[in-house]
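Trainee: Please work out how this folds:
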Amino acid sequence: MAKVITLTEEQAATLTTYILITTQYREREIEASARLGLKTNDDGVIKYPNMLANAEWWRITHRELAGIVAQVDNAPDLENAKKHRQRADR
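Mentor: Below you'll find the predicted structure:
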């Protein structure tokens, strides 16, 4: 299922800016989760068993957010989309 969301120019800029300024945070979370997921107790048992799954979640989310930025950046503005549809209807 797909959703169509209309954003103002300001909202689109705010969304992409937020995603971009939080990039390093996500990268650090990926690294920390991956590192902690390999850490073991003295007896060799993984100390934080959920962290590798957390790292994977962060990787997937990071890729998804990059895709959202690309979609917003490449989306036609509403006026151009309307004109394109009107030409197609003729």
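
Trainee: Helix or strand: which one has the residue positioned nearest the centre of the chain?
Mentor: Centroid check for the chain by C-alpha atoms, centre = their mean gives residue 65 as the closest residue, at 1.4 Å. Assessed by DSSP states H and E, residue 65 sits inside helix 51-74.

Trainee: got it, and residue 48?
Mentor: Applying DSSP H and E, one finds residue 48 in no helix or strand.

Trainee: does it really touch residue 34, like I thought?
Mentor: No. Using C-beta atoms under 8 Å, residue 48 makes no contact with residue 34, being 10.8 Å away. Heads up, the C-betas are built off the backbone N, CA and C, glycines and all.

Trainee: quick one: average confidence on stretch 15-22?
Mentor: Averaging pLDDT along stretch 15-22 yields 98.

Trainee: Check stretch 44-63 too.
Mentor: Across stretch 44-63, the average pLDDT comes to 97.

Trainee: and if you look at stretch 71-90?
Mentor: Averaging pLDDT along stretch 71-90 yields 77.

Trainee: what's the answer for stretch 30-38, then?
Mentor: Throughout stretch 30-38, pLDDT has a mean value of 98.

Trainee: one step back: residues in contact with the helix holding residue 65: which ones?
Mentor: 7, 12, 15-16, 19-20, 23, 26-27, 29-30, 33-34, 36-39 (C-beta atoms under 8 Å, 6 or more residues apart in numbering).

Trainee: next one: stretch 24-32
Mentor: With C-beta under 8 Å, 6+ apart, stretch 24-32 has contacts from 54, 55, 58, 59, 61, 62, 65.

Trainee: The residue nearest to the centre of the chain and residue 24, how far apart?
Mentor: For residue 65, the distance to residue 24 (C-beta to C-beta, to the nearest Å) stands at 13 Å.

Trainee: How is residue 6 assigned, secondary-structure-wise?
Mentor: With DSSP: H, G, I helix; E, B strand; the rest coil as the basis, residue 6 sits in coil.
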